[in-house]
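Trainee: predicted model follows, preceded by the sequence.
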Amino acid sequence: MRKNLLAFSLSIVLGVPAMAQQPGGGYVTSYDGIDDYIDLGSSAGIGIRTIEFLFSPTNTMDNTTVITDAVALLYRNSASDQDEFGFYFVPVSMSSTDAGKIAFTRYVGSTPITIVTDANSWTGGVWHHIAAVLDGTTGMTMYVDGILQASTHGSVSATTSSNDVTVVGRWGSSSTNYFNGMVDELRFWNAPRSASQIASDLCYVNPSIETTLAGYWRMDEGSGPNTLDASGNGYHGTINGATWVALTPCLSLGMNETPKVEVKLFPNPAKTNLQLSGLNAGSTLTIFDATGKTLQKISVTKPTLLLDVQAWAEGLYLYCVETSDGRGESAGRFCVQR
């Protein structure tokens, strides 16, 4: 189990914490930035209110990166500029203010509405989780690694019906704007996901118990012409040039054992206090920041512990619970957000 604790620390450096969640088949899809993509068809993108996935660019993308046009992570375009949506890296030529950021754009009819990430730099080889939510009451929001981004919009409409295809790795049906990097764990939902749901399920959800899951491409097949839709809706993706890479970004380096205890966190994200329950007396709780730096080591004396986080900076934090003999019990992450 010492190997697993090392995996936990190393996975922080990789950008996404190692999680005690369903490990899956251990593959991701890779795109060469030239002509690779996955076609999800025209039916998958209808009535969607949350889109989320993991991504890692091959090279660093930032506000100094010389790209002549947007680089698409996922997009559905239209020849008539109607009802489009998708994620893309913003080039300097498009916006000097937002260059290097990731934009989520959706069209209401022919009117484009865009929100962007806070960050404008994405280190090559580092994994991130990104999500866009279209809430029928609060409008458009975006999350990176479970953290709500500042850019929002009041548009409340879900994605609409279209004959155009949704594509991973390029600008929809156009043979342009290809992504160079890797993508994994793509999910479409026909309901808005809450902040706590997004933060709790960065790496995996159980499709058999999720009633609003509209499409789920785990990308774990490892071979073959398709990536299968685990939601049961049959929106299987057709692979065009994209390749399989044996990698588990959330469960790298062996951290894939069933946890010895189930630690529950509430609320997550937290503002002032975070309650951890389900702990075993005699264990040690270690808290890390997102760089892997140890912030606290706490000796557990009772099943429930209240952690004061009101002086902590907003962001992603990680925890690991060890027994007195050094066996890891559980590992996970939480967000501080105000």
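Mentor: Noted; the coordinates are in hand. On a predicted model such as this, the values are computed, not experimentally measured, just so you know. Numbering: from 1, shown residues only.
Trainee: so who does the closest residue to Ser80 other than its chain neighbours touch?
Mentor: For Ser80, ignoring the flanking residues on the chain, the nearest one in space by CB to CB, 6 or more residues apart in numbering is Ser110 at 7.5 Å. Where C-beta positions appear, they are placed from N, C-alpha and C, glycine not excepted. Contact analysis of Ser110 by CB atoms under 8 Å, 6 or more residues apart in numbering lists 80-82.
Trainee: now, among these, which is nearest to Trp127?
Mentor: Of all those, Trp127 sits closest to Asp81, with 32.4 Å by CB to CB.
Trainee: go ahead and confirm Pro207 touches Leu228.
Mentor: No. Using CB atoms under 8 Å, Pro207 is not in contact with Leu228, being 10.9 Å away.
Trainee: tell me the confidence at the residue nearest to Ser80?
Mentor: Per-residue pLDDT puts Ser110 at 88.
Trainee: show me what contacts Val336?
Mentor: 269-271, 274, 309, 312-315, 317.
Trainee: how does it look with 10 Å?
Mentor: Applying CB atoms under 10 Å, 6 or more residues apart in numbering, we find Val336 in contact with 147, 268-272, 274, 309-317.
Trainee: tell me which residues of stretch 71-79 are tucked away?
Mentor: Neighbour counts over stretch 71-79 (16 or more other CB atoms under 10 Å) mark 71-78 as buried.
Trainee: any idea of the mean pLDDT in it?
Mentor: Mean predicted lDDT for stretch 71-79 stands at 95.
Trainee: ok, now stretch 289-297?
Mentor: Stretch 289-297 comes out at a mean pLDDT of 79.
Trainee: which residues are in contact with each of Pro207 and Leu228?
Mentor: Common neighbours of Pro207 and Leu228 are listed as 216, 218 (criterion: CB under 10 Å, 6+ apart).
Trainee: quick revisit: by neighbours, which of the contacts of Ser110 wins?
Mentor: Ranked by the number of neighbours (other CB atoms under 10 Å), the contacts of Ser110 place Gln82 first, at 15 neighbours.
Trainee: list the contacts of that residue.
Mentor: So Gln82 contacts 107-111, 160, 162, 164 (CB under 10 Å, 6+ apart).
Trainee: so which residues of the stretch 101-250 of the chain form helices?
Mentor: Using DSSP state H, counting those that start in this stretch, the helices of the stretch 101-250 of the chain run over residues 195-200.
Trainee: any weak-confidence spans in it?
Mentor: Along the stretch 101-250 of the chain, the parts satisfying pLDDT under 70 run over 248, 250.
Trainee: let's see 90
Mentor: Applying pLDDT under 90 to the stretch 101-250 of the chain picks out residues 109-110, 123-128, 145-147, 161-162, 196-206, 208-209, 246-250.
Trainee: the strands in it, which residues?
Mentor: Under the criterion DSSP state E, counting those that start in this stretch, the stretch 101-250 of the chain carries strands at the ranges 102-108, 111-116, 121-122, 128-135, 139-144, 147-148, 166-168, 180-189, 213-217, 226-227, 237-240, 243-246.
Trainee: buried residues of the last one, list them for me.
Mentor: Taking 16+ other CB under 10 Å as the neighbour-count basis, strand 243-246 is seen to contain the buried residues Trp244.
Trainee: name the residues that touch the helix or strand that comes right after it?
Mentor: Next along the chain after strand 243-246, taking DSSP states H and E as the criterion, comes strand 264-266. Strand 264-266 is contacted by residues 196, 199-200, 273-279, 304, 307, 319, 332-335 when judged by CB under 10 Å, 6+ apart.
Trainee: generate a PyMOL selection restricted to the buried entries among these.
Mentor: Remark: buried members of the contacts of strand 264-266, expressed as a PyMOL selection using 16+ other CB under 10 Å:
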select buried, resi 196+199+200+274+276+279+307+319+332+333+334+335
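Trainee: which one of the strands of the stretch 101-250 of the chain lies closest to Tyr27?
Mentor: Nearest of those (CB to CB): strand 243-246, 4.9 Å.
Trainee: same for the closest one, what does it pack against?
Mentor: Helices and strands touching strand 243-246, by 3 or more CB pairs under 10 Å, 6 or more residues apart in numbering; DSSP states H and E, are strand 27-32, strand 180-189.
Trainee: put the alpha carbons of it into CSV.
Mentor: Backbone C-alpha positions of strand 243-246 (Å, rounded to 0.1, in the frame of the first residue of the first chain) are rendered in CSV as follows:
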residue,chain,number,x,y,z
THR,A,243,-5.3,6.4,-30.9
TRP,A,244,-5.5,4.6,-27.6
VAL,A,245,-3.0,5.2,-24.9
ALA,A,246,-2.7,3.0,-21.8
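Trainee: of all the contacts of Gln82, which two lie farthest apart?
Mentor: Taking CB to CB as the measure, the contacts of Gln82 have their most distant pair in Thr111 and Asp164, spaced 16.8 Å apart.
Trainee: among the contacts of Ser110, which are located in helices?
Mentor: Judged by DSSP state H, helices contain none of those.
Trainee: going by distance to Thr123, which of those residues wins?
Mentor: Closest approach to Thr123 among the contacts of Ser110 (CB to CB): Asp81, at 33.2 Å.
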